[in-house]
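Engineer: Below are the sequence and a predicted model for it; my questions follow.
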Amino acid sequence: MATDKALTLINSFEVPADKLDESILHWEQGRDVLKKQPGYISTALHQSLADDARFRLVNVAKWESVETFKAAIKIMQADPSISRVEGLTPNPALYTVIRN
């Protein structure tokens with residue numbers, strides 16, 4: 001599927017003040033599992049420039065379909081090698097482009 005037709009995942013993370021590095025490691029571990037799954041296209045993690053931002057980390061990823069994304073997330077969530085971060089709150093949602 002061409003990337004202009006892909007779905008966009010935007011996942012804004014509320015990160016506890018003392019857990020930024022741990023949260024980035026958690027994201028990297030998840031990314032490493034997800035990028036091996038069918039339907040994965042790309043991902044990029046963004047960090048807020050303001051330390052007091054509500055969402056200190058924002059992940060923007062591309063997926064071929066809702067179905068491939070959901071299947072991949074189930075695999076990632078069941079993976080015991082991915083660290084858990086107390087207080088880290090993800091806020092994921094899938095989007096599609098409606099205007100350029």
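Structural biologist: Yep, it's here.

Engineer: What residues does S83 make contact with?
Structural biologist: Going by C-beta atoms under 8 Å, 6 or more residues apart in numbering, S83 touches 22, 25-26, 29. C-beta here means a position set from N, CA and C on the backbone, and glycine is covered the same way.

Engineer: For S23, see how far away it is.
Structural biologist: Distance from S83 to S23, counting by C-beta to C-beta, to the nearest Å: 10 Å.

Engineer: Repeat that for S48.
Structural biologist: Taken as C-beta to C-beta, the span from S48 to S23 is 12 Å.

Engineer: Those two: which has the busier surroundings?
Structural biologist: S23 (22 against 15; other C-beta atoms under 10 Å).

Engineer: Kindly list the main-chain dihedrals of that one?
Structural biologist: Per-residue torsions, S23: phi -70, psi -40 (degrees, to the nearest 10).

Engineer: Next, work out how far apart it and Q29 are.
Structural biologist: Distance of S23 to Q29, given as C-beta to C-beta: 11 Å.

Engineer: Going along the chain, name the strands of this structure.
Structural biologist: For the chain, the strands defined by DSSP state E occupy 7-14, 40-47, 57-63, 89-95.

Engineer: mind listing what's buried in the second one?
Structural biologist: Residues of strand 40-47 classed as buried under the neighbour-count rule (16 or more other C-beta atoms under 10 Å) are 40-41, 43, 45.

Engineer: Same question for the third one.
Structural biologist: Residues of strand 57-63 classed as buried by neighbour count (16+ other C-beta under 10 Å): 57-59, 61-63.

Engineer: got the contact list for stretch 43-60?
Structural biologist: Under C-beta under 8 Å, 6+ apart, the answer for stretch 43-60 is 8-15, 17, 20, 23-24, 27, 31, 34-35, 61-62, 91.

Engineer: Now tabulate the buried residues of strand 57-63 in TSV and tack on pLDDT.
Structural biologist: TSV is the format used below for the buried residues of strand 57-63 (pLDDT from 0 to 100):
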residue	pLDDT
L57	98
V58	98
N59	98
A61	98
K62	97
W63	97
